[in-house]
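Chemist: I would like to see how this sequence folds:
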Amino acid sequence: MTSKSAAKLIPSDPAKVMVFRDILPNMATISSPFARFGLFKVGGRATIIKLQTGALAVFSPVALTDDVRSKVQSMGNNVKYISAMDIEHHIFITPWAKAYPQAEVIGVEGLPEKREKDPSTKGITFSHVFTQSNNKDMRISEEFDEEFEYEFLHSHPSKELIYYHKPSKTMIQADFIFNLPAYEQYSKSGEGATSGVFTKLFTGLMNTRNDITWQRRFVWYVLSSKDRAGFSESVNKMKRWELQRIVPSHGDVIESEAQSVFDKITRWFPEGHEKK
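Modeler: Numbers count the residues shown, from 1 in each chain. Model (predicted):
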């Protein structure tokens, strides 16, 4: 999806529908409506974390409105890291990088090239680009690595980059785990988070209720199909993370039973003998 086509799916006046929430004193989310392909109401979300050094790390940035700037200002205004979570979650990297030129931009393989082909996104330099070959050796900075672990899923169709904030035991991710319906993200939109036939169908599959069978199948048969061995290796690394919450880009924040949700979705890794 190009930035031009994606822009058509984003609210024309995002400031009116954005939802700001402080999950922790040093962690804020900014949520807004977003309909994939204009059909599936999945929502979008940026996460801002203030490091112990005072630096701010921004994950999957949303539109940089005046209210968003004020929120950043209230957290110290020291934006040092801006991360695109995969090759799809990058649309607002440009305005953030221009507003905070001191920030190091983090991305994944294929994204810089993709952005350079689009006149509306070209010209931004990436300080760190995760690839299949450098994933195990990649380091961001001493202050960043003190608080974060990260794993790059190169075989994910969207080249997913997942973060783990160690002090708060929080996973931050974009297109790995969905927690629909996107109630919070549509709470100020005047639209129902479950309205529409396509949304109802997708929500029925991509939720975290009960045994999470369909989402587990989606991860196994779709997300990991390109390189299941490599995907399994990444999942096994993430299984070492102790999770208290999961902040997804799509759907509500998982603030209870986060570890259980992750374990259920990844139950078939590394061995697939249980799959149905």
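Chemist: from here on, contacts and neighbour counts on C-alpha atoms
Modeler: Will do.
Chemist: Tell me the pLDDT of the residue nearest to the spatial centre of the chain.
Modeler: With distances taken as C-alpha atoms, centre = their mean, Ala174 lies nearest the centre of the chain, 2.6 Å away. Looking at Ala174, its pLDDT reads 95.
Chemist: And for the one 4 residues further on?
Modeler: The model reports Phe178 with a pLDDT of 97.
Chemist: before we move on, back to that, distance of the residue nearest to the centre of the chain relative to Phe231?
Modeler: 16 Å (C-alpha to C-alpha, to the nearest Å).
Chemist: Please apply the same query to Asn207.
Modeler: Applying C-alpha to C-alpha to Asn207 and Phe231 gives a distance of 21 Å.
Chemist: again, but for Phe152
Modeler: Phe152 sits 9 Å away from Phe231, going by C-alpha to C-alpha.
Chemist: count of residues packed around Gly38?
Modeler: Other residues near Gly38 number 12, with proximity taken as other C-alpha atoms under 10 Å.
Chemist: Wasn't it part of a strand?
Modeler: No - read with DSSP: H, G, I helix; E, B strand; the rest coil, Gly38 is coil and lies in no strand.
Chemist: And it, how far from Lys50?
Modeler: 33 Å.
Chemist: and stretch 58-71, how far from the chain's centre?
Modeler: Put simply, stretch 58-71 sits 15 Å off its chain's centre (C-alpha atoms, centre = their mean, to the nearest Å).
Chemist: oh, I was asking about stretch 170-179
Modeler: With C-alpha atoms, centre = their mean, you get 6 Å for stretch 170-179.
Chemist: Not counting that stretch itself, show me its contacts.
Modeler: Applying C-alpha atoms under 8 Å, 6 or more residues apart in numbering, the contact partners of stretch 170-179 are 47, 59-60, 85-86, 89, 158, 160-165, 206-208, 215, 219, 243-254.
Chemist: Which ones among these map onto strands?
Modeler: 47, 59, 160-165, 245-248 (DSSP state E).
Chemist: how about these, which pair is most distant?
Modeler: Within those, Glu160 and Arg245 form the most distant pair, 18.5 Å apart (C-alpha to C-alpha).
Chemist: higher neighbour count, the two?
Modeler: Glu160 (26 against 20).
Chemist: Go ahead and confirm that one touches Met85.
Modeler: Yes - shown here, Glu160 and Met85 form a contact pair, counting by C-alpha atoms under 8 Å, at 6.1 Å.
Chemist: Which residues are in contact with each of these two?
Modeler: 108, 173-174.
Chemist: what's near enough to touch Ser32?
Modeler: By C-alpha under 8 Å, 6+ apart, the neighbours of Ser32 are 14, 17-19, 43-45, 185-186.
Chemist: Phi first, then psi, for Asn236.
Modeler: Torsion angles at Asn236 (phi, psi; degrees, to the nearest 10) stand at phi -60, psi -30.
Chemist: Please give me every residue in contact with it.
Modeler: Applying C-alpha under 8 Å, 6+ apart to Asn236 gives the contacts 269-270.
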